[in-house]
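Enquirer: let's see this in three dimensions:
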Amino acid sequence: MTNLLTIPLLALGVALVILLLALATGRNWRDPELPGVALRWGLGPMVGVLWLLLFVAVVLSLFKLLAAPLPDNTGGDSGAYRFHFLALVGLMTALAGLVGFPLALLRVWTTERATKATEEGLITDRINKAVANLGADKESADSQGRKIMIPNIEVRLGGLLALERIAQDSPRDHVQVMEILCAYLRENAPATEAIRSPHEVFLRLTSGSIGGPALGAEAAFQHSNYRESNKFFGWNPTELNHATLEEWAETAFKPRTDIQIAATIIGRRSNRQRETEKNYKVEATNRLGRFDLRSTNLQGLELGGDFSRFDFSFSRFDGALLEGRFHDCMFVRSSFQGARCVKANFTESDFSAANLSSACMIGAKLNGCRLWYCHMDHTNLNNASVSQADLYEAKVEHAYCYDNSNFSYSRIMSSSIEQLKGINEGLTRNLFIVGGSDEGSGLEHPASLDRRAATMSELEFKKFWLSYLAVEGLSHPTFSDSYRR
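Expert: Numbers count the residues shown, from 1 in each chain. From the prediction side, this is the model:
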């Protein structure tokens with residue numbers, strides 16, 4: 001009976017080894033970047049142990065068969081004799097297969113490595129060609145008929161879309177492609193080339209913030225910088241208000257097509273690509289980093305999708321349309337004059353010293369944001385959620401907070417309360433006011449207002465506010481370095 005089962009058992013064992021080999025070396029059919037099932041399940045050692053057991057069993061059976069005497073072929077019954085030689089042939093075949101198994105595995109491994117190296121080389125070539133297209137120029141003529149070089153938008157668009165395809169096909173190159181796209185935006189749309197509103201230029205001239213003494217209204221009106229910014233509008237200083245600022249934001253910008261496409265590609269990354277970014281680290285510090293779009297001119301662009309954890313410090317969003325998710329972003333000293341941010345998600349972002357004048361943030365989420373020294377002149381915060389935010393020293397001038405806006409558990413200066421128009425009609429509760437008292441604030445539910453009183457310093461009040469949020473299980477704005485990456 002043992003001899004009868006020898007060949008079937010050996011055949012079953014060899015078949016099992018071959019199956020495990022296929023599972024170990026084969027690509028995952030859902031994701032070619034993942035290894036085979038056996039390797040992912042840690043079955044590699046099991047394959048080796050099974051091969052060794054089968055090899056020992058075959059060798060021992062072969063020696064036993066060779067040492068056994070040949071069956072008697074006299075007497076007319078040749079069945080035992082034939083089975084003996086069939087078993088010998090089967091064992092020899094099984095031994096040959098087992099000996100060839102490691103060699104086949106080595107060959108598969110070598111072939112896979114060569115194939116992977118070829119694929120990586122092809123992707124590298126694709127990246128190089130796409131990047132070369134990003135710098136494409138073409139000849140044109142200026143107003144005086146002189147030849148000049150201008151960006152070849154069509155070729156650059158091809159390069160941008162090629163990079164997007166590479167990021168989709170090769171997850172391991174996704175982060176590098178995003179860095180290339182961010183660098184393209186920074187270099188081709190620097191904030192230094194942003195258009196300044198007549199309102200901003202006039203304010204800088206009269207405040208002396210551009211160097212030199214502060215000018216009077218008439219001198220600023222005659223200044224060449226103001227005339228250059230105002231040449232298409234013709235506004236005199238008395239007309240520089242929020243209405244004309246909104247008009248400027250709606251008409252002043254015509255962004256280049258390649259700049260818009262690059263921003264769109266970044267915003268429409270898939271969930272799988274964003275998961276890859278969670279392990280993105282800055283090489284110099286080996287810390288989790290942010291994609292760098294600092295000092296970038298994004299005026300008039302349409303920014304949709306997901307830009308969470310990007311660094312937009314010192315960038316310009318004037319007149320831009322921001323939709324989607326901007327969670328935990330850096331907007332330090334950025335400008336949002338006349339920007340449209342309806343229902344945008346800015347939770348836990350840093351707007352320190354940002355300019356939100358005439359920005360439309362209806363229904364926006366600013367929970368847990370840091371708004372230190374933020375300029376909010378005629379900012380529309382109707383139906384916005386600004387809870388657990390820090391508006392310390394924010395410069396608020398006639399901000400709209402109607403339609404159930406919510407500033408609950410936020411910290412704000414007492415001088416700003418009266419400028420938050422409609423805050424007492426919304427959902428705001430437990431507002432922490434720095435300086436002064438809650439008298440005259442117009443709030444119907446002034447619970448926990450100004451607990452500092454006259455004996456608590458601003459630092460003590462800040463610690464009290466943060467501890468109150470912690471006790472209530474609420475998050476709070478971060479106070480780390482605003483210029484971290």
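
Enquirer: how much space is there between L157 and Y280?
Expert: Distance, L157 to Y280, using CB to CB, to the nearest Å: 26 Å. C-beta here means a position set from N, CA and C on the backbone, and glycine is covered the same way.

Enquirer: what are the buried residues along stretch 228-239?
Expert: Buried residues in stretch 228-239, defined by neighbour count with 16 or more other CB atoms under 10 Å: S229, N230, W235.

Enquirer: ramachandran angles for the first one?
Expert: The one in question is S229. The phi and psi values for S229, taken as degrees, to the nearest 10, are phi -70, psi -20.

Enquirer: tell me if I'm right that it and A194 touch.
Expert: No. The criterion here is CB atoms under 8 Å, and S229 misses it with A194 at 11.2 Å.

Enquirer: quick one: common contacting residues for those two?
Expert: Residues touching both S229 and A194 (CB atoms under 8 Å, 6 or more residues apart in numbering): none.

Enquirer: could you give the number of residues near the spatially closest residue to I210 that is not a sequence neighbour?
Expert: Closest residue to I210 apart from its sequence neighbours, by CB to CB, 6 or more residues apart in numbering: R204 at 4.7 Å. Applying other CB atoms under 10 Å, we find 18 residues neighbouring R204.

Enquirer: what helices and strands are in contact with the lengthiest helix in the chain?
Expert: Assignment by DSSP state H gives helix 79-134 as the longest helix of the chain. Applying 3 or more CB pairs under 8 Å, 6 or more residues apart in numbering; DSSP states H and E, we find helix 79-134 packed against helix 2-25, helix 44-67, helix 153-169, helix 174-188.

Enquirer: lowest average pLDDT across those helices?
Expert: The weakest mean pLDDT among these belongs to helix 2-25, with a mean of 55.

Enquirer: any idea which helix or strand in this structure has the lowest mean pLDDT?
Expert: Least confident helix or strand of the chain, by mean pLDDT, DSSP states H and E, is helix 37-40 with a mean of 47.

Enquirer: give me the sheet partners of the helix or strand following the longest helix of the chain and which way each runs.
Expert: Next helix or strand after helix 79-134 toward the C-terminus (DSSP states H and E): strand 137-141. Using DSSP bridges, strand 137-141 pairs in its sheet with strand 147-151 (antiparallel).

Enquirer: got the angle for the strand it pairs with vs helix 79-134?
Expert: Here strand 147-151 runs at an angle of 140 degrees relative to helix 79-134 (axes from the mean of the first three to the mean of the last three CA atoms, to 10 degrees).

Enquirer: contact partners of strand 147-151?
Expert: Applying CB under 8 Å, 6+ apart, the set of residues contacting strand 147-151 from outside is A136, D137, K138, E139, S140, A141, D142, N188, R256, D258.

Enquirer: which of those are buried?
Expert: Listed as buried from those are A136, N188, D258; burial here means 16+ other CB under 10 Å.

Enquirer: which one of those residues is nearest E460?
Expert: Nearest to E460 among the buried ones among the contacts of strand 147-151: N188, at 48.5 Å, using CB to CB.

Enquirer: show me the contacts for the closest one.
Expert: Counting by CB under 8 Å, 6+ apart, N188 touches P151, R256, D258, I259.

Enquirer: per-residue pLDDT, the first one?
Expert: In this model, P151 is scored at 92, pLDDT.

Enquirer: quickly list what it is bridged to.
Expert: Residues in a beta bridge with P151, per DSSP bridges, are D137.

Enquirer: quick one: mean pLDDT over the longest helix of the chain.
Expert: The pLDDT scores in helix 79-134 average 77.

Enquirer: quick one: that helix to helix 44-67, angle?
Expert: Using the same axes, to 10 degrees: helix 79-134 against helix 44-67 is 150 degrees.

Enquirer: helix 79-134 versus helix 174-188: what angle between them?
Expert: Helix 79-134 and helix 174-188 meet at an angle of 10 degrees, taking the same axes, to 10 degrees as the criterion.

Enquirer: could you measure L65 against V99, distance?
Expert: Taking CB to CB as the measure, L65 falls 18 Å from V99.

Enquirer: okay, those two: which has more neighbours?
Expert: Ranked by neighbour count (other CB under 10 Å), L65 and V99 place L65 first, with 17 against 11.

Enquirer: distance check, the more buried one against M178.
Expert: Counting by CB to CB - L65 and M178 are separated by 65 Å.

Enquirer: now swap in G158 and tell me
Expert: 18 Å.

Enquirer: these two: which is more packed in?
Expert: Regarding G158 and M178, a neighbour count based on other CB under 10 Å identifies M178 as having more, with 21 against 16.

Enquirer: residue contacts, that one?
Expert: M178 sits next to A167, I266, R269, E277, F291 when contact means CB under 8 Å, 6+ apart.

Enquirer: which ones among those residues map onto helices?
Expert: Members of the contacts of M178 lying in helices (criterion: DSSP H): A167, I266, E277.

Enquirer: what sits against the second one?
Expert: Contact criterion CB under 8 Å, 6+ apart gives M178, L181, C182, F291, G305, F307 as the residues in contact with I266.

Enquirer: I'd say the fifth one and R269 touch.
Expert: Yes. With contact defined as CB under 8 Å, G305 reaches R269; the gap is 7.0 Å.

Enquirer: the more surrounded of these two?
Expert: Taking neighbours as other CB under 10 Å, G305 and R269 compare with R269 leading, 21 against 17.

Enquirer: mind listing what the more buried one touches?
Expert: Neighbouring residues of R269 by CB under 8 Å, 6+ apart: A167, H174, M178, E277, G305, D306.

Enquirer: what's across from the last one in the sheet?
Expert: Yep, that's D306 we're talking about. Counting by DSSP bridges, D306 is bridged to R325.

Enquirer: and the gap between it and N225?
Expert: 38 Å.

Enquirer: for the fourth one, same thing?
Expert: E277 sits 41 Å away from N225, taking CB to CB as the criterion.

Enquirer: which one's more surrounded, these two?
Expert: Shown here are E277 and N225; by other CB under 10 Å, E277 has more neighbours (18 against 15).

Enquirer: looks like the more buried one contacts H174 (just checking).
Expert: Yes. If you go by CB under 8 Å, E277 and H174 touch, sitting 7.4 Å apart.

Enquirer: strands of the stretch 251-400 of the chain, residue ranges please.
Expert: In the stretch 251-400 of the chain, the strands defined using DSSP state E, counting those that start in this stretch lie at 281-282, 287-288, 291-292, 302-303, 310-311, 321-322, 375-377, 390-391, 395-397, 399-400.

Enquirer: least reliable of those strands by average pLDDT, please.
Expert: Mean pLDDT is lowest for strand 287-288 among the strands of the stretch 251-400 of the chain, at a mean of 56.

Enquirer: ok, of the ones in helices among the contacts of M178, which one's closest to L91?
Expert: So of the ones in helices among the contacts of M178, ranked by how close each gets to L91 (CB to CB), first place is A167, at 54.1 Å.

Enquirer: I'd say the closest one and E179 touch.
Expert: No. At 10.7 Å, A167 does not count as touching E179 under the criterion of CB under 8 Å.

Enquirer: if anything else comes up later, I'll come back, but that's it for now.
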